[in-house]
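> okay, here's the prediction I keep looking at, along with the sequence it came from:
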Amino acid sequence: MSFRISSLPVEPFQPLFGLSEEALLQQGARRMVADEKPGFPCRVTLADAEPGESLILLNYQHFAEESSPYRAKGPIFVREKALSGVEFVDEVPDYLARRILSVRAYDRDGMMLDADVVEGKELTPMVAKFLALEGVDYLHAHFAKRGCYAARIERA
């Protein structure tokens, strides 16, 4: 089954790029500088930042379905040099492949139908399994160790 892994769009984050440390703090955000790779995964480029690269760490509502009890938000990194969101079709970006993931399957009403943990390099079979389940509309991938939202996965 063909699938698409999608990042977050860059536009909601652009107003934060270049703000002073004080202005970021007022918005509940922080500027971080990557000091290792991997370690600073950007949710817009679906890639790890290079050492020395600047990112914004902020709290983001990644699951906003109003009627769902699974509505959630959490911390994410966004590279300040991010220009646009990205998509990967039938391909798992290294950003996901190198990490342990929690994959959650949701129906169109935002109700979780299934979930499991997988090594990122083994993500494709799990995506096929979950997208083949009756009622599953899309998947969310989270980094298992810290629990942070990583990407959306849906049928291509």
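It's in. Residues are numbered from 1 along each chain as shown.
> so Asp94 sits right up against Pro41, yeah?
No. Contact criterion C-beta atoms under 8 Å: Asp94 and Pro41 do not qualify, at 10.2 Å. For glycine as for every other residue, the C-beta is placed from the backbone atoms N, C-alpha and C.
> Glu154 belongs to a helix?
No. Counting by DSSP: H, G, I helix; E, B strand; the rest coil, Glu154 falls outside a helix, being strand.
> so how many other residues sit close to it?
14 (other C-beta atoms under 10 Å).
> rewinding a little: need the residues touching each of Asp94 and Pro41.
Ala47, Asp48 (C-beta atoms under 8 Å, 6 or more residues apart in numbering).
> between these two, which has more neighbouring residues?
The residue with more neighbours, out of Asp94 and Pro41, is Pro41; 26 against 14, by other C-beta under 10 Å.
> and the helices in this protein?
Counting by DSSP state H, the chain has helices at residues 21-26, 94-97, 123-131.
> make TSV out of the ones you listed and add mean pLDDT and distance to Pro15.
TSV is the format used below for the helices of the chain (pLDDT from 0 to 100; distance: least, C-beta to C-beta, whole Å):
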stretch	mean pLDDT	distance to Pro15
helix 21-26	98	10
helix 94-97	97	24
helix 123-131	98	32
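> in CSV: the ones you listed, plus distance to Arg146.
Shown next, in CSV, are the helices of the chain (distance: least, C-beta to C-beta, whole Å):
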stretch, distance to Arg146
helix 21-26, 21
helix 94-97, 14
helix 123-131, 17
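> and of the ones you listed, who's closest to Leu58?
Ranking these by proximity to Leu58 (C-beta to C-beta) places helix 21-26 first, at 8.2 Å.
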